[in-house]
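Asker: fold the following.
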Amino acid sequence: MRLVSWTAMILENVKCGEGQVALNLFHQMQPEGVLPNTITFVGVLNACANVLALEEGRCAHKQIIGIDFVSNALVRSSLFDMYAKCGSMEEAWRVFNKMPSHGVVS
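Answerer: Numbering: from 1, shown residues only. Below you'll find the predicted structure:
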């Protein structure tokens, strides 16, 4: 239940344009022993994109890789979006190239 509450607060702050508040909440939840899930990371990556926090996004990406959430389609899409919005097109391209190409119409 604690994870749901933290994630809801993060997502609501992102929705309201308070990306930095969302990131602060993310940093507060982990020392409390609450581990993020894929939805939490989607919110964190969106917050990073909204406030152009590239370094925080890179740190989140490392955590995502460490707990093996990088295969989640929503997380990958959020990673791509965050890198692109933060102006790191090379990193966005790397994430994009690792995405599966299921159902591509030629």
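
Asker: okay, CA-based contacts and neighbour counts for the rest of this
Answerer: Noted.

Asker: now residue 79. Nearest residue, chain neighbours left out?
Answerer: Distance criterion C-alpha to C-alpha, 6 or more residues apart in numbering; nearest residue to residue 79, sequence neighbours excluded, is residue 45 at 6.4 Å.

Asker: residues touching the one you found, list them.
Answerer: 57, 60, 78-79, 82 (C-alpha atoms under 8 Å, 6 or more residues apart in numbering).

Asker: ok, residue 13 next?
Answerer: Per C-alpha under 8 Å, 6+ apart, neighbours of residue 13: 19, 21-22.

Asker: neighbour count and distance to residue 31 for those residues - can I get that in CSV?
Answerer: Below are the contacts of residue 13 laid out as CSV (neighbours: other C-alpha atoms under 10 Å; distance: C-alpha to C-alpha, whole Å):
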residue, neighbour count, distance to residue 31
19, 26, 20
21, 15, 17
22, 27, 15
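
Asker: looking at the contacts of residue 45, which is nearest residue 96?
Answerer: Comparing the contacts of residue 45 against residue 96 with C-alpha to C-alpha places residue 79 closest, at 8.9 Å.
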